[in-house]
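1. need a structure here:
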Amino acid sequence: MRKLILLYFLTMSMFMVGQTKQENPSWIGKSNRILNPGAESNNDGAPLNWKSDFSLGAESNWVSEYGVTSHEWNHGAKKLGLPNNPGNNYFRLTVNKNEETRKLNIFQSISLGDAQIALQKDTVMADFQFWSGITYPNKTNCALAEVKVFFKDVGGKTLDSIYVKRVPSEFRDLDEGTPEAEERGFNVMHEMVLTKKTHQVPRETQTALLHIQCEFPCAKFIDEEEDETEGELSNTFFFDNLSLGFYKK
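-> Predicted structure coming up:
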């Protein structure tokens, strides 16, 4: 009996230690290495510390304030759809049927120079999280967003990656069909969804490249003379509270 009791407590102790390590990982440096992860810092609509392959245009104000832009959230009594600790701003990437605005991206390179010793001695895990939403959650809307973290060696070669794809049908309007939505005349209470990914980091990794790309890839569009809606010809993806940290497993 004593042996059984001792075995029970030993098993529970090992379980609790395992849980503690998982909940309180041994971070290598900061728990979030992304600079300006919530678009709080920006210059004329372009988020600071981020780069893009596309120039800033009137159709894509890349940063927006909560509660300011039509069809989006507010900080009133009803805070449906908002991510945890949303701050004031979020990333707002719009793509549409026009050839010059079918694609839009932002990216940021993150150095892992201080993690080289840990990478050689231990198993290092990447903890990646972000909140995302969309303007039109129409199943027929062809827009998509691809969020990737590339692990690159000293020569820039990709060793491995984290990949997340988001499409309109994965999101929903939290007020759809309610009296509030009918009073407004359109649906606005969008849902922000949390995505979490963990991935082992290759030992040769020197940098992590976070790359977000939105696209409207439809090859054929409704005739402009026909009755068409904005929800069929464009879409806007929202991102907030991006986080990328590394810890020893």
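
2. dump the residue contacts of the closest residue to Gly45 other than its chain neighbours.
-> Spatial nearest neighbour of Gly45, chain neighbours left out: Asn61 (4.3 Å); criterion: C-beta to C-beta, 6 or more residues apart in numbering. C-betas here are computed from N, CA, C, even on glycine. Residues counted as contacts of Asn61 (C-beta atoms under 8 Å, 6 or more residues apart in numbering) are 45, 92, 94.

3. and if we set it to 10 Å?
-> 42, 44-46, 69, 92-94, 236 (C-beta atoms under 10 Å, 6 or more residues apart in numbering).

4. filter these to the buried ones?
-> 42, 46, 69, 92-94, 236 (16 or more other C-beta atoms under 10 Å).

5. Could you provide those in CSV, with additional columns for distance to Phe107 and pLDDT?
-> Converted to CSV, the buried ones among the contacts of Asn61 look like this (distance: C-beta to C-beta, whole Å; pLDDT from 0 to 100):
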residue, distance to Phe107, pLDDT
Asn42, 16, 90
Ala46, 13, 87
Thr69, 23, 61
Arg92, 16, 92
Leu93, 12, 94
Thr94, 17, 92
Thr236, 19, 92
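
6. Can you mark which positions in stretch 118-131 are buried?
-> So, applying 16+ other C-beta under 10 Å, buried residues of stretch 118-131: 118-119, 124-131.

7. which one of the residues you listed is nearest Ala145?
-> Closest to Ala145 out of the buried residues of stretch 118-131 is Phe130 (10.4 Å), distances taken as C-beta to C-beta.

8. Settle this for me: that closest one is touching Phe239, isn't it.
-> Yes. The pair Phe130 / Phe239 is scored as a contact, 5.9 Å apart, by C-beta atoms under 10 Å.

9. list the residues that contact both of these two?
-> Common neighbours of Phe130 and Phe239 (C-beta under 10 Å, 6+ apart) are 37, 83, 91, 147, 166, 192, 195, 212.

10. tell me the two of those that are most distant?
-> Across those, no pair lies farther apart than Pro37 and Arg166, at 17.6 Å, counting by C-beta to C-beta.

11. what is the mean pLDDT for stretch 116-129?
-> Stretch 116-129 carries an average pLDDT of 97.

12. What of stretch 206-225?
-> Mean predicted confidence for stretch 206-225 is 82.

13. Excluding chain neighbours, give the residue nearest to Leu194 in space.
-> Trp131 (5.4 Å).

14. in a strand, that's where the one you found is, yeah?
-> Yes. Assessed by DSSP: H, G, I helix; E, B strand; the rest coil, Trp131 belongs to a strand.

15. Start at 23, not 1
-> Sounds good: first residue 23 from here, last item Trp153.

16. ok, it to Asp262 distance?
-> Noted for Trp153: a distance of 5 Å to Asp262, by C-beta to C-beta, to the nearest Å.

17. and if you look at Asn64?
-> Counting by C-beta to C-beta - Asn64 and Asp262 are separated by 13 Å.

18. Tell me where the protein is predicted with low confidence.
-> 23-45, 78-82, 90-102, 197, 202-211, 241-252 (pLDDT under 70).
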